[in-house]
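Visitor: Return a 3D structure for these sequence lines:
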Amino acid sequence: MDWKLNSFFAFVICLGLTASGQEPVLQTIATNGWAKNSVNTVVFRKNALTTFKNIQYAAYYDEEQYVVLAKRKLDQEHWEIWRSQYKGDATDAHKSISIMVDGAGFLHLAWGQHNNELNYAKALTSGSLVMGGKDQMTGIKENRVSYPEFYKMANGNLLFFYRDGGSGNGNLVINRYDIGAKKWTRIQDNLIDGQGERNAYVQTTIDKRGTIHISWVWRESPDVASNHDLCYARSLDGGVTWQKSTGENYQLPINAANAEYAVRIPQNSELINQTSMYADEKGKPFIATYWRNRGETVPQYHVVYHTGRQWKIANLGFRTTPFTLTGGGTKKIPISRPQLITWRRENRIHTALIFRDIERGNRVTVAVSNDLENNKWACRDLTENGVGEWEPSFDSELWSMRRIFALFVQKVIQVDAEGKADQPPTAVQVLIWKP
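Guide: Below you'll find the model as predicted:
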């Protein structure tokens, strides 16, 4: 991988305006976070942080690779910490920890997944950090699980997304947990079908109306360079039936031939997989990712969004550093995959893109636009120091409830292609910022 640093030029472009908002506050959960790779900070953790009522929960691997759970009251800085009985192979950065609290207050946990048997447990009692024994969900297609992600519906039930199969050859499975029956059931056995030739790398969000939005890139092989295109689907009934942005119903499973293509992006465009989505109060979807446009050398962050009539693309355009994505495993990349939130004021779409870039010293940075249609962005560093190969994951429940942005932060080192760094443990922190 080759890149050149031109930080001053990017700094000037990105700081033509000053990003507003409250001063960020960093709170430390613990100081013993595993930091030999990026497993605690990969972007696809759903979730690293989550809030139920007035309690915020967190999860991470400690220096001995144990799954550690923590919680605090939102108005307090003290965290109660519980080291679980479970260990994960933290040396594989795919094997992240995901948590969610259901509507009855029970914490659900999945960890250590990369084409292996499901690792899942639920708290013994409501509000507790103490987990029960490892359990199945449905017992079907649970031996090749990757990328576990929890989402909560408005009625308190949970959804659990995962990939069944391998990179370049896998399918999307969705389970649903009923808090009344206390039982998991399968609602999609193969929502997106790679047809044995490719797989979909998916990002998901649920809006205030309960609509599930998903988008994905296709990958043709384990080589990240084979990522291509950006597709979209939504469900209005909790994941049972799916449709395109036009309202046309999908014939399931979705595949490369019948998918809706929000943007056509060829292979070898430095298109990253598994980034983030957000849907605003009107149910409009926004997708944050990066790729390199044809004829250019520098990958740029893009926001792809639907106006209700058409897909549009905002190219943020402030980066100056070229790099190339090739090969398998977890990559050491000079920028992070981004997270995205939006809000509306005076009929304008305000947008915040959270990322990390070597051009800005690998600090936690937010780029803010006060009008997405004008595509003018102001950058602000939210940390003074760099965070290595950290990627952002945030407390989506807290943002939805209180419009407070709580970000999981830890300085980590990622050796290219799934290596392990000689790195001592580092502090596991929460950054609180209110736009």
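Visitor: contacts, neighbours, all on C-alpha from now
Guide: Noted.
Visitor: ok, Phe106 - contacts?
Guide: Counting by CA atoms under 8 Å, 6 or more residues apart in numbering, Phe106 makes contact with 122-128.
Visitor: What's the separation between it and Thr138?
Guide: 19 Å (CA to CA, to the nearest Å).
Visitor: same question, Val364
Guide: When Val364 is compared with Thr138 (using CA to CA), they lie 39 Å apart.
Visitor: In terms of packing, which of the two has more residues around it?
Guide: Using other CA atoms under 10 Å as the criterion, Val364 and Thr138 rank with Val364 on top: 26 against 13.
Visitor: how about the more buried one, what does it touch?
Guide: Going by CA under 8 Å, 6+ apart, the list of residues near Val364 reads 354-356, 381-383, 386-387.
Visitor: let's see 6 Å
Guide: By CA atoms under 6 Å, 6 or more residues apart in numbering, the contact set of Val364 is 356, 381-383.
Visitor: and if you look at Val67?
Guide: Counted by CA under 6 Å, 6+ apart, Val67 has contacts 60-61, 84, 86-87.
Visitor: who wins for neighbours among these?
Guide: Tyr60 leads the contacts of Val67 on contacts (other CA under 10 Å) with 29 neighbours.
Visitor: quick check: mean pLDDT across the strand or helix carrying that one?
Guide: Take DSSP states H and E as the rule and Tyr60 turns out to sit in strand 55-61. Across strand 55-61, pLDDT averages out at 98.
Visitor: Could you list the buried residues of the helix or strand where Gln203 lies?
Guide: Using DSSP H and E, Gln203 sits in strand 199-206. Buried residues in strand 199-206, defined by neighbour count with 16 or more other CA atoms under 10 Å: 199-206.
Visitor: can you pull out the helices in the chain?
Guide: 7-14, 396-402 (DSSP state H).
Visitor: which of these has the lowest average pLDDT?
Guide: Across these, helix 7-14 has the smallest mean pLDDT, namely a mean of 39.
Visitor: Report the contact partners of Ser126.
Guide: 105-106.
Visitor: Then Val145?
Guide: Taking CA under 6 Å, 6+ apart, one finds 113, 115-116, 118, 163-164 in contact with Val145.
Visitor: quick one: strands adjacent to the strand holding Tyr60?
Guide: strand 49-52 (antiparallel), strand 66-73 (antiparallel) (DSSP bridges).
Visitor: now the longest one, how far from the centre of its chain.
Guide: Pointing back at strand 66-73 there. Remark: strand 66-73 is offset 20 Å from the chain centroid, using CA atoms, centre = their mean, to the nearest Å.
Visitor: Equivalent analysis for stretch 319-327, please.
Guide: Per CA atoms, centre = their mean, the displacement of stretch 319-327 from the mean C-alpha position of its chain is 21 Å.
Visitor: Same question for stretch 192-210.
Guide: Centroid separation for stretch 192-210 versus its chain: 13 Å, with CA atoms, centre = their mean.
Visitor: Need the nearest residue in space to Ile265, chain neighbours excluded.
Guide: Distances taken as CA to CA, 6 or more residues apart in numbering place Asp229 nearest to Ile265, at 4.3 Å, with adjacent residues excluded.
Visitor: do you know how far the one you found is from Ser269?
Guide: Going from Asp229 to Ser269 by CA to CA gives 10 Å.
Visitor: if we can go back for a sec, which of the contacts of Val145 has the largest number of neighbours?
Guide: Busiest of the contacts of Val145 [other CA under 10 Å] is Arg163, holding 29 neighbours.
Visitor: Would you mind confirming that that residue makes contact with Ser146?
Guide: Yes - here Arg163 reaches Ser146: they are 5.1 Å apart, a contact under CA atoms under 6 Å.
Visitor: so what sits against both of these two?
Guide: Here Arg163 and Ser146 share no contacting residue, scored by CA under 6 Å, 6+ apart.
Visitor: circling back: distance of the residue nearest to Ile265 from Asn37?
Guide: Taking CA to CA as the measure, Asp229 falls 29 Å from Asn37.
Visitor: Between those two, tell me which one has more neighbours.
Guide: Remark: of Asp229 and Asn37, Asn37 carries more neighbours, 29 against 17, as counted by other CA under 10 Å.
Visitor: Can you read off the pLDDT for that one?
Guide: Asn37 carries a pLDDT score of 96 in this model.
Visitor: so it touches Gln414, yeah?
Guide: Yes - taking contacts as CA under 6 Å, Asn37 lies within contact range of Gln414: 4.4 Å.
Visitor: Out of the contacts of Val67, which comes closest to Lys71?
Guide: Using CA to CA, Tyr60 comes nearest to Lys71 of the contacts of Val67, at 11.9 Å.
Visitor: Isn't that closest one up against Val68?
Guide: Yes - contact status for Tyr60 versus Val68: in contact at 5.4 Å, counting by CA under 6 Å.
Visitor: distance between the ends of stretch 84-102?
Guide: 19 Å.
Visitor: I misspoke; the intended subject was stretch 384-395.
Guide: One end of stretch 384-395 sits 22 Å from the other (CA to CA).
Visitor: if we can go back for a sec, farthest-apart pair in the contacts of Phe106, please.
Guide: Lys122 and Gly127 (11.1 Å).
Visitor: Now for the contacts of Val364, which sits with the most neighbours around it?
Guide: Arg356 (25 neighbours).
Visitor: shouldn't it be in contact with Arg337?
Guide: No - counting by CA under 6 Å, Arg356 stays clear of Arg337, with 7.9 Å between them.
Visitor: in stretch 166-179, what counts as buried?
Guide: 166-179.
Visitor: Could you do stretch 381-391 as well?
Guide: Buried-residue list, stretch 381-391, by 16+ other CA under 10 Å: 381-383, 386-391.
Visitor: closest to Glu418 among the residues you listed?
Guide: Using CA to CA, the buried residues of stretch 381-391 come closest to Glu418 at Glu389, 12.6 Å.
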